[in-house]
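Peer 1: Here's my sequence, what's the structure:
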Amino acid sequence: MAKQVKANLKMKLRGGQASAAPPVGSTLGQYGVNMMDFINPFNEATKDMQGKEVTAHIVIYDDRSMSFRVVGTPTDDLIRSKLGIQKGSGRPNSEKVSKKLSDKDLTEIAESKAIDMNTPDVAAVKKMVAGTARSMGVEVEG
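Peer 2: Alright, predicted model coming up:
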């Protein structure tokens, strides 16, 4: 019989730097879960992403066990770091940001995001990344 799910959580954490301090301790503590059962495996799994912002999807079960999976850096963060901008446009339809995303940059971002997506097709991932860029007010070349 399958375990009963008590909670589905998402947390943005720095890779390899999870600790018992908030948000990890306060979030997992309210479900009665041993937070060290998350912290040590998470830090081990993300040691190659040291200091980068990653998202952890955590499933907590009724028997106080848990499972998690790590999703890489969010697409908008990758676009902003590639272009060297602080934020996207507040009104993307009428006000564009000053920089454009080249096809080469788009391909690099898509290749790094392909492992997190539900398709192995980099061309399809490029379309998703381009859509995110346009919603931020970034013009896409090519």
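
Peer 1: ranges for the strands of the protein?
Peer 2: Remark: strands assigned in the chain by DSSP state E are 5-14, 53-61, 66-71, 100-101, 139-140.

Peer 1: could I get these as a markdown table with mean pLDDT?
Peer 2: What follows is the strands of the chain, written out as a markdown table (pLDDT from 0 to 100):
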| stretch | mean pLDDT |
| --- | --- |
| strand 5-14 | 90 |
| strand 53-61 | 90 |
| strand 66-71 | 90 |
| strand 100-101 | 88 |
| strand 139-140 | 89 |
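
Peer 1: Just tell me which of those ends up closest to Ile85.
Peer 2: Checking the strands of the chain against Ile85 by Cβ to Cβ gives strand 100-101 as the closest, at 10.5 Å. Placement of C-beta: from N, CA and C, glycine included.

Peer 1: Okay, now the unreliable bits of the chain?
Peer 2: The chain contains residues with pLDDT under 70 at 1, 142.

Peer 1: How many residues are close by the residue nearest to Asp77 when sequence neighbours are not counted?
Peer 2: Nearest residue to Asp77, sequence neighbours excluded (Cβ to Cβ, 6 or more residues apart in numbering): Glu53, at 6.1 Å. By the criterion of other Cβ atoms under 10 Å, Glu53 has 13 neighbours.
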